[in-house]
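>>> give me a model of this one.
(one chain, ligands or ions: 2)
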Amino acid sequence: MERSPVPVLALRAPKVPLLSLDTVWFQVAGTLCNLACRHCFISCGPGNRSHEMMSRAEVGRYLVEAADLGVKDLYFTGGEPFLNRELPGILEDALRIAPVTVLTNATLIDDRRAEELATLSRGARYSFEVRVSLDGLTPDTNDPIRGEGSFRTTIRGVEALHRAGFLPILTVAQTWSDEEDAALRERFHALLLELGITRPRVKVLPLFRVGRETERTRGYAPDEVLTEEHVLGYDFWNLQCSTSRMVTSRGVFVCPILIDHPAARMGSTLAETLRAFPLAHGACHTCWATGASCRN
Ligand code: SF4
Ligand code: SF4
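Ligands and ions are numbered 1, 2, ... in the order given. Sure thing, here's the model as predicted:
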């Protein structure tokens, strides 16, 4: 008998419909990163090549398809996108099609690179956002998670982006308790204000207990999984997988969180992925419980 590629659990899992393909993500640097953060949910690092970098030509083919499908915004991530030498050309192509956001740790952004991005942005038809990841307010709290010296280099990148005219969105994983949440958000706003960024923007994401985070804290417990009862009357528009897909060098996956999970690969083209997906992973429980989206 032929074996199903869908895990047994998925057969019982509720399904999220694709309500509209609004957003396409690109794993443009694969899983290659110059950092190796301890909470990285796809375990990126200098030696991780489980997903390869994408070339401008490869991305371009998906951009044509995304435009034909009426996609409304495009995101570029990794790994660290600025390790991909073709990124400037890729962004230029993308900015002809839709608003673009690039997610970076900013450690490779100096004044010259920030000015190149600003030139791209000024000549573009659509908006261009840069999101920068950071996890602490000081080297003492940030660097144990993101690596020695990373606070200083990231802040340098944020300052360069701001000098070039960007308002970088700081993205922070919630490594603190819910009780501390409001105060910590305020303090990240204050950090940006101290850097002279008078309109601070901070996005806090929950921790996904996959990838390297499973070693730092824990993985998902068997009962952290969704059932039909969880989604009874639920508004699926709250889940990012009802409106987006993730393109990688290994095909199109349901979302940015599950690219290391073979069952989350939905096809080779975007058109092949325009269907419902079983919410079978523990990470789906986090999305459902927190309402989190990787979008801005
Ligand atoms: S969290 Fe971001 S910066 Fe850190 S290792 Fe993963 S991809 Fe790199
Ligand atoms: S992890 Fe979140 S975004 Fe990904 S399929 Fe599950 S619910 Fe959707």
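>>> tell me where the protein is predicted with low confidence.
1-11 (pLDDT under 70).
>>> so which bits of it are right by ligand 2?
16, 239-241, 254-255, 257-258, 277, 279, 281, 283-284, 287 (CB under 6 Å from any ligand atom). (Glycine included, C-beta is placed from N, CA and C.)
>>> who's in contact with Arg209?
217-220, 224, 282-283, 286 (CB atoms under 8 Å, 6 or more residues apart in numbering).
>>> still on that earlier bit, narrow the residues of the chain next to ligand 2 to those in strands?
Applying DSSP state E to these, the entries found in strands are 16, 277.
>>> among the residues of the chain next to ligand 2, which ones are in helices?
If you go by DSSP state H, those have 283-284, 287 in helices.
>>> neighbour count and distance to Glu229 added to the residues you listed, as JSON lines?
Supplementary listing: these in JSON lines, determined by neighbours: other CB atoms under 10 Å; distance: CB to CB, whole Å:
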{"residue": "Ala283", "neighbour count": "24", "distance to Glu229": "19"}
{"residue": "Cys284", "neighbour count": "27", "distance to Glu229": "14"}
{"residue": "Cys287", "neighbour count": "23", "distance to Glu229": "16"}
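>>> enumerate the residues of this protein near ligand 1.
Taking CB under 6 Å from any ligand atom as the criterion, the chain approaches ligand 1 at residues 33, 35-37, 40, 44-45, 78-80, 105, 133.
>>> in the stretch 51-200 of the chain, which residue sits closest to ligand 1?
Ranked by CB to the nearest ligand atom, the top residue of the stretch 51-200 of the chain for proximity to ligand 1 is Asn105, at 3.9 Å.
>>> was I right to think that residue contacts Val132?
Yes: at 7.0 Å, Asn105 and Val132 qualify as touching, with contact defined as CB atoms under 8 Å.
>>> what is in contact with these two at once?
In contact with both Asn105 and Val132: 154, 157, using CB under 8 Å, 6+ apart.
>>> the two: who's more crowded?
Higher neighbour count among Asn105 and Val132: Asn105, with 26 against 22, using other CB atoms under 10 Å.
>>> what sits against the more buried one?
Going by CB under 8 Å, 6+ apart, Asn105 touches 33-35, 80, 132-134, 146, 150, 154, 157.
>>> Val64: which of the residues of the chain next to ligand 1 is nearest?
Of all the residues of the chain next to ligand 1, Val64 sits closest to Gly78, with 22.2 Å by CB to CB.
>>> show me the helices in the chain, by range?
8-12, 56-68, 87-94, 111-122, 139-146, 150-163, 181-194, 213-216, 282-290.
>>> mind putting these in JSON lines, distance to Gln27 included?
Formatted as JSON lines, the helices of the chain follow (distance: least, CB to CB, whole Å):
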{"stretch": "helix 8-12", "distance to Gln27": "22"}
{"stretch": "helix 56-68", "distance to Gln27": "10"}
{"stretch": "helix 87-94", "distance to Gln27": "12"}
{"stretch": "helix 111-122", "distance to Gln27": "20"}
{"stretch": "helix 139-146", "distance to Gln27": "20"}
{"stretch": "helix 150-163", "distance to Gln27": "21"}
{"stretch": "helix 181-194", "distance to Gln27": "26"}
{"stretch": "helix 213-216", "distance to Gln27": "18"}
{"stretch": "helix 282-290", "distance to Gln27": "16"}
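>>> for Ser268, which of those is the nearest?
helix 56-68 (10.2 Å).
>>> setting aside sequence neighbours, what's the nearest residue to Leu134?
Of all residues beyond its chain neighbours, the one nearest Leu134 is Thr154 (5.3 Å), with distances taken as CB to CB, 6 or more residues apart in numbering.
>>> ok, that neighbour - contacts?
With contact taken as CB under 8 Å, 6+ apart, Thr154 is in contact with 105-107, 132-134, 142, 146.
>>> most neighbours out of these, which is it?
Greatest neighbour count in these, by other CB under 10 Å, goes to Ala106: 28 neighbours.
>>> that one and Leu192, how far apart?
For Ala106, the distance to Leu192 (CB to CB, to the nearest Å) stands at 13 Å.
>>> identify the contacts common to these two.
Both Ala106 and Leu192 are in contact with Val158, where contact means CB under 8 Å, 6+ apart.
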